[in-house]
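[1] Got a predicted structure plus its sequence, pasted below:
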Amino acid sequence: MKKKIVNISGIKIGEGLPVPVIAEIGVNHLGSLVRAKKMVDLANDGGADFIKFQTYIAKYRYDLKKNPKAKKFIEMTKKWQFSRSEEIKLWKYASKKKAKLFTSVYDYRTVKFAEELGTLAYKIAAFEITNKKLISEVIKTKKPVIISCGMTNISEIKKIIKPFQENNIDFILLHTVSSYPLQKIHSNLNKIWELKQNFNCPVGHSDHTAGVEIPTLAAAAGAQIIEKHFTDQPKYRESDNFFSITSDELKEIKFNLNKVFNYIHSPDLKKTDPEKFMRSFRK
């Protein structure tokens with residue numbers, strides 16, 4: 001079976017293609033529009049193929065009935081939440097800088113606003129994959145969807161993707177381990193191969209470890225897109241800043257991913273034919 005390729009704003013993701021990188025700014029800006037704009041510039045300078053934000057209404061982001069820590073996290077994310085006018089300004093700024101933008105959404109009410117912002121795709125976080133109202137609204141947009149597979153198994157993923165398949169929505173699965181930060185030893189990169197064996201869609205990796213090591217290994221293990229948290233201030237302890245990459249680290253990841261692609265696919269092999277001399281030794 002021919003493997004599915006997903007096209008997001010001219011960038012093709014799939015088997016045998018260069019591996020793009022998502023710089024997830026998320027809420028690492030901590031509510032500062034100035035910092036958010038600065039991170040857009042730095043992510044662009046680092047070579048990010050996509051920049052991802054988080055678009056949400058704090059009071060709907062966590063379930064107060066089911067989650068005993070919901071109140072604390074609602075108050076925290078409320079401090080980092082942009083007003084709608086600020087978010088519009090950020091997206092306009094990033095668009096002028098030619099960034100390819102999409103966002104994570106956390107409740108069905110936010111999808112309409114994300115559409116107004118011009119998101120190119122949607123990210124469904126691992127915590128939202130059972131949020132049927134949200135998924136239903138996202139499907140209505142007909143845009144590509146990137147689904148984080150943290151805390152799931154193969155049978156659960158089959159159920160999760162069914163509505164996307166039924167509505168002919170392009171989707172990408174991201175292997176991830178939902179721990180923030182994650183120890184490298186727990187990356188379980190073999191799951192990338194398992195997802196590729198079970199699903200006819202692009203498969204990537206969302207990395208929550210510190211540093212630049214795991215994305216390269218994930219690509220060698222078969223990941224076709226990489227997501228990495230991004231910051232301008234890794235010394236900050238709030239949000240995901242302390243295990244996020246900087247612009248220089250993003251450049252290093254991009255360089256290494258390019259090497260992985262060339263070493264695995266060897267695009268010039270036929271042209272150069274390094275075995276030509278040795279062929280005459282065959283009996």
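    Everything's here; your move. Just so it is clear, the structure is predicted and the values come from calculations on it, not from any experiment.

[2] Quick check: I22 touching G46?
    No. In this structure, I22 is not within contact of G46 by Cβ atoms under 8 Å, at 11.9 Å. Placement of C-beta: from N, CA and C, glycine included.

[3] quick one: which of the two has more around it?
    Ranked by neighbour count (other Cβ atoms under 10 Å), I22 and G46 place I22 first, with 26 against 20.

[4] On the three-state scheme, the more buried one is what?
    strand (DSSP: H, G, I helix; E, B strand; the rest coil).

[5] okay, it: pLDDT?
    Each residue has a pLDDT score; the one for I22 is 98.

[6] show me what contacts it?
    Taking Cβ atoms under 8 Å, 6 or more residues apart in numbering, we find I22 in contact with A48, D49, F50, I51, K52, I146, I225, I226, E227, K228.

[7] Recalculate using a threshold of 7 Å.
    Counting by Cβ atoms under 7 Å, 6 or more residues apart in numbering, I22 touches F50, K52, I225, I226, E227.

[8] who wins for most neighbours among these?
    For the contacts of I22, neighbours tallied by other Cβ under 10 Å; top is I225, 28 neighbours.

[9] What segments of this protein are strands?
    Ranges of strands in the chain, per DSSP state E, are 6-8, 11-13, 21-26, 50-55, 101-105, 122-124, 145-148, 171-175, 203-207, 226-229.

[10] need the contacts of I22 in CSV with pLDDT, can you?
    Listed next are the contacts of I22 as CSV, based on pLDDT from 0 to 100:
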residue, pLDDT
F50, 98
K52, 98
I225, 98
I226, 98
E227, 98
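
[11] With respect to S206, which of these is nearest?
    E227 (4.0 Å; Cβ to Cβ).

[12] Kindly state the beta-bridge partners for that closest one.
    I22, S206 (DSSP bridges).

[13] For stretch 19-36, buried residues please.
    By 16 or more other Cβ atoms under 10 Å, the buried positions in stretch 19-36 come out as 19-29, 31, 33, 35-36.

[14] Only C-alpha atoms, please: export it in PDB.
    Below are the C-alpha coordinates for stretch 19-36, written out as PDB (Å, rounded to 0.1, in the frame of the first residue of the first chain):
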ATOM      1  CA  VAL A  19      11.700  15.900   8.000                       C
ATOM      2  CA  PRO A  20      10.200  19.300   8.900                       C
ATOM      3  CA  VAL A  21      10.300  20.800  12.400                       C
ATOM      4  CA  ILE A  22       7.500  22.300  14.400                       C
ATOM      5  CA  ALA A  23       8.700  25.000  16.900                       C
ATOM      6  CA  GLU A  24       6.100  24.900  19.600                       C
ATOM      7  CA  ILE A  25       6.100  28.300  21.300                       C
ATOM      8  CA  GLY A  26       2.900  27.300  23.100                       C
ATOM      9  CA  VAL A  27       2.600  29.500  26.200                       C
ATOM     10  CA  ASN A  28       6.300  29.800  26.800                       C
ATOM     11  CA  HIS A  29       5.800  33.500  26.200                       C
ATOM     12  CA  LEU A  30       4.100  33.600  29.700                       C
ATOM     13  CA  GLY A  31       1.600  36.100  28.500                       C
ATOM     14  CA  SER A  32       4.100  38.600  27.000                       C
ATOM     15  CA  LEU A  33       3.200  39.700  23.500                       C
ATOM     16  CA  VAL A  34       6.700  41.200  23.100                       C
ATOM     17  CA  ARG A  35       8.400  37.900  24.000                       C
ATOM     18  CA  ALA A  36       6.000  35.900  21.800                       C
END
